[in-house]
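Visitor: structure of the sequence below:
(chains A, B and C)
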Amino acid sequence: MRLAVVPGAGPVGLICRIGDDSRPGAPVLAADLASAIREHERSGALRWVWPCTAEIYPRLLQAGARVQRCHDAGLVEALLLGRAGRPGEPAGLPAAAARLRGAPVPAAGLSAPAGPQAALFDAGDIGAVPAATAAAALADLIAVYGAQQEQIAADRHPVRFSLLAGAESAGGLAAAEMSAAGLPWDAHVHNEMLTELLGRRPAPAPGPPLRPARLAELAARIAAAFGSGRPVNPDSPAQLVRALAADGVRVQSTRQSVLRGVQHPAVPLLLEYKELARLHAAYGWSWLDTWVSDGRFHPEYVAGGVVSGRWASRGGGALQIPKLLRRAVIADPGWTFVVADAAQLEPRVLAALAGDGAFAQAAAGGDVYAALASAFSGDRAKAKVALLSAMYGGAGGEAGQLLAVLRQRFPQASGYVEAAARAGEEGRVVRSVLGRTCPPPSAAWRSVTGESGDPDVQRDPGAGRAARARGRFTRNFVVQASAADWALVALAGLRQRLAAISSAAGGPQLVFFQHDEMIVHCPAGLADAVTAAVAEAAAAAGRLVFGATPVSFPMTTAVVRCYADAK
DNA sequence: GCCCCGTGCGCG
DNA sequence: AAAGCGCGCACGGGGC
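Guide: You can find the predicted model right below:
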């Protein structure tokens, strides 16, 4: 069963059944949308069709309503726009409906949270006849949903694209649920680590913020290590370059990799300073104050936030937490984490995509690189470099040689990424296994690389560089985006399986998702059941996304009370 | 004083 | 060991 729903201001909402013949029933005004949704969820399997999970679902979760399945019209519209070569155009319901009608498309942002959706009803409308705008929005939603279903069915691979739309929508649900649940975070442990590494937290004082003791001391020693004796701000690359030049050391930049090759007394101090300053600035006390409350880190995940289908995050740097700080991620008393990590996901994805027999056999078991080593005179490290270079487009060092071996021994696997690279260089688009489409080249790219038509006009000298850069992007896109397809389907499957597991102590919760890694927080007694669910979800994702293939997609799991112990 | 961009570095 | 791909965030510094 499918139910279309449009939220109103406050607790109200408008619900309408969509029949098997795709015809809408009569709209029903729910005075308390959350409880109406809870009621429907109890009565059996159904899919909610709504404009935007990120807008409606956090409120519902807060009111205690969880849903199993949905169709997020905004996320699906973005997928369809991407397929049509128009990524980034407004994908919210007002824009989608306007496009359907052939009317001028309202600017993006109108469909952003707290946009007009929130104003569909006045508070006084509760129990009254729904406002005309609400009825119109519901009609728009149903029309847009119908059109989207038709567009999905018209895809070259409708089953796959439909799976993508479902997984993208499920991802939206998981993202909202994970943001609401939060990642267990021990602020005390974090604070002690900061104090140990940086010194005591400086007391608030007027003027520019003070450095913690350890950083201040390092900064002073760095300044003293330069010949001029003048103050040097170690946070300023420009000042550092000048100070080094004054001492006869010329560097292109002050990044770690460059500094490591430089002989100067300030360098070791600088490297130490940079590492600690980074921790202080990005994940220090103010981060703790801002993002951690009640023992949870509450990040905001943005499902579909990356062109490849990976998630992005907003605020708190949820997807860049330094490994060091995993020490502060500690399960509640009596609870534990099941940390699941897809092992060597990208080479396995390439193996399944390319259908290269020998390569796929190598990806059927435990260690892909070890299985490929025999082709590289038994050297596992060489096999790894060859694979990474093929997927990322690197060719420096000995990578060129290793790529030639790869091309000879595994022509189909090599050919798959080479073809993607060529497509990109020629300005074409490429798609992931489920049909997520990369953006077309920008106008600037076309103008740099385009032939002028006049043989006397010199080709832009940057043309080759721009073409190759786009080739690397599309080469990587087919692998990264297909890996994201798999991970999203696995996440959706795990989410569904977890919903069926619970104990007196409570049910398992997804609390973290980072590209190919998932963390479930659960009562200790449920760890085995959760571990089994992870394995099932991973295997099912392999079948759903890639069909019949010898390639396996194992997830390593660790049952730990502290995230830092997972590896 | 505010905004934007480049630099640098954390994660996969 | 670093590089090739994808991101978010903090900071300095220039432009307004």
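Visitor: show me where pLDDT drops low in chain A?
Guide: A:108-131, A:451-459, A:461 (pLDDT under 70).
Visitor: OK, contacts around the residue nearest the centre of chain A?
Guide: Central residue of chain A (Cα atoms, centre = their mean): A:Trp311, 1.7 Å from the mean position. By Cβ atoms under 8 Å, 6 or more residues apart in numbering, the contact set of A:Trp311 is A:Gly171, A:Ala175, A:Tyr301, A:Val302, A:Ala303, A:Gly304, A:Gly305, A:Leu319, A:Phe513, A:His515. Any C-beta I mention is one placed from the backbone N, CA and C, and that applies to glycine too.
Visitor: give me the subset of those that also touch DNA strand B.
Guide: By Cβ under 7 Å from any atom of the strand, the members of these lying near DNA strand B are A:Leu319, A:His515.
Visitor: going by distance to A:Ala78, which of the contacts of A:Trp311 wins?
Guide: For these, the residue nearest A:Ala78 by Cβ to Cβ is A:Gly304; the value is 6.1 Å.
Visitor: contacting residues around the closest one?
Guide: A:Leu75, A:Ala78, A:Leu79, A:Glu168, A:Gly171, A:Gly172, A:Trp311.
Visitor: since we're on the residue nearest to A:Val329 when sequence neighbours are not counted, how many residues are nearby?
Guide: Excluding its sequence neighbours, the residue lying closest to A:Val329 (Cβ to Cβ, 6 or more residues apart in numbering) is A:Tyr563, at 3.6 Å. Other residues lying near A:Tyr563 total 25 when counted by other Cβ atoms under 10 Å.
Visitor: test my guess that A:Tyr563 contacts A:Arg326.
Guide: Yes: contact criterion Cβ atoms under 8 Å: A:Tyr563 and A:Arg326 qualify, at 4.1 Å.
Visitor: quick revisit: quick check: of the contacts of A:Gly304, which lies closest to DNA strand C?
Guide: Proximity of these to DNA strand C (Cβ to the nearest atom of the strand) peaks at A:Trp311, which lies at 9.0 Å.
Visitor: for that closest one, what are phi and psi?
Guide: phi -80, psi 150 (degrees, to the nearest 10).
Visitor: and what of the one 3 residues further on?
Guide: Torsion angles at A:Arg314 (phi, psi; degrees, to the nearest 10) stand at phi -130, psi 110.
Visitor: for burial, what's the neighbour tally of it?
Guide: Counted by other Cβ under 10 Å, the residues lying close to A:Arg314 total 12.
Visitor: kindly report the residues of the stretch 201-350 of chain A close to DNA strand B.
Guide: So the stretch 201-350 of chain A meets DNA strand B at A:237, A:253-257, A:274-275, A:278, A:282, A:317, A:319-324 (Cβ under 7 Å from any atom of the strand).
Visitor: narrow these to those that are buried.
Guide: A:Thr254, A:Lys274, A:Leu319, A:Ile321 (16 or more other Cβ atoms under 10 Å).
Visitor: tell me which entries of those lie within helices.
Guide: Of these, the ones assigned to helices by DSSP state H are A:Lys274.
Visitor: farthest pair in the buried ones among the residues of the stretch 201-350 of chain A next to DNA strand B?
Guide: Maximum distance among those (Cβ to Cβ): 25.4 Å, for A:Thr254 and A:Leu319.
Visitor: following element in sequence after the top helix by length along chain A, please.
Guide: Longest helix in chain A, counting residues (DSSP H): helix A:463-498. The helix or strand immediately downstream of helix A:463-498 is strand A:509-513, counting by DSSP states H and E.
Visitor: what sits up against that next one?
Guide: Under Cβ under 8 Å, 6+ apart, the answer for strand A:509-513 is A:174-175, A:177-178, A:181-184, A:301, A:311, A:337, A:487, A:491, A:494-495, A:498, A:518-522.
Visitor: swap in stretch A:400-413?
Guide: A:350-351, A:354-359, A:375-376, A:382, A:385-387, A:389-390, A:395, A:414, A:418.
Visitor: which of those come close to DNA strand C?
Guide: A:Val385, A:Ser389.
Visitor: pull out the buried members of the contacts of stretch A:400-413.
Guide: Here, 16+ other Cβ under 10 Å leaves A:350-351, A:354, A:356, A:359, A:375-376, A:382, A:385-387, A:389-390, A:414, A:418 buried among the contacts of stretch A:400-413.
Visitor: returning to that earlier point: so which of the buried ones among the residues of the stretch 201-350 of chain A next to DNA strand B reach DNA strand C?
Guide: Counting by Cβ under 7 Å from any atom of the strand, A:Leu319 from these sit close to DNA strand C.
Visitor: for the buried ones among the residues of the stretch 201-350 of chain A next to DNA strand B, give me CSV that also has distance to A:Ala223.
Guide: Formatted as CSV, those follow (distance: Cβ to Cβ, whole Å):
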residue, distance to A:Ala223
A:Thr254, 15
A:Lys274, 15
A:Leu319, 35
A:Ile321, 31
